[in-house]
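In: next input, structure requested:
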Amino acid sequence: MTAYDRENIFAKILRAEIPAARVYEDDDTLAFMDIMPRADGHLLVIPKTPCRNVLDASPQQLAAVMLTVQRLSHAVRKAFDADGVTLQQFNEAAGGQEVFHLHFHILPRHEGDKLRPPGKMAEREQIEADAAKIRAALAL
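Out: Residues are numbered from 1 along each chain as shown. Here you go, the predicted model:
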């Protein structure tokens, strides 16, 4: 397996070298908004410690990330009055992974909706507004 790249974009977000709309943080995980959201409220959850993906993550990393994924899944459902939640997680290039730091996508979903196509940047104001909605739902 390829070694972890400490210069990947999520490692830079963790070190605050590049900005991110942070939604939630604890000792082990960070949740922040996806800048190319496929649905309103699309966010990412990552461990704060290095690992490429599920294939090299420790049981402790996986447990911490999944607890945060569950907490944030409830928050996005509440914040966006969603009927459900889609979780996505990709492993290695052949599995669709583009950023090689373990991450889970959380997408609030409404009955009958379609995901937007990948790769389209959202306006910063919209990302920040969605982040504020999720933070408010977490505070309830």
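
In: which secondary structure elements does the longest helix anywhere in the chain contact?
Out: Using DSSP state H to define each element, the chain has its longest helix at helix 59-79. Helices and strands touching helix 59-79, as assessed by 3 or more Cβ pairs under 8 Å, 6 or more residues apart in numbering; DSSP states H and E, comprise strand 22-25, strand 29-33, strand 43-47, strand 84-88, strand 104-109, helix 124-139. Every C-beta, even on glycine, is put in place using the N, C-alpha and C of the backbone.

In: average pLDDT across it?
Out: Helix 59-79 comes out with an average pLDDT of 98.

In: now mean pLDDT and distance to Arg6 too, for the helices and strands packed on helix 59-79, in CSV please.
Out: Shown next, in CSV, are those (pLDDT from 0 to 100; distance: least, Cβ to Cβ, whole Å):
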stretch, mean pLDDT, distance to Arg6
strand 22-25, 98, 20
strand 29-33, 98, 16
strand 43-47, 98, 14
strand 84-88, 98, 24
strand 104-109, 98, 21
helix 124-139, 97, 26
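
In: now the ones you listed as a markdown table including distance to Phe10 and mean neighbour count?
Out: As requested, the helices and strands packed on helix 59-79 are exported to a markdown table (distance: least, Cβ to Cβ, whole Å; neighbours: other Cβ atoms under 10 Å):
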| stretch | distance to Phe10 | mean neighbour count |
| --- | --- | --- |
| strand 22-25 | 12 | 18 |
| strand 29-33 | 8 | 23 |
| strand 43-47 | 5 | 25 |
| strand 84-88 | 15 | 15 |
| strand 104-109 | 12 | 22 |
| helix 124-139 | 16 | 16 |
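
In: and the ones you listed: which comes nearest Tyr4?
Out: Ranking the helices and strands packed on helix 59-79 by proximity to Tyr4 (Cβ to Cβ) places strand 43-47 first, at 11.3 Å.
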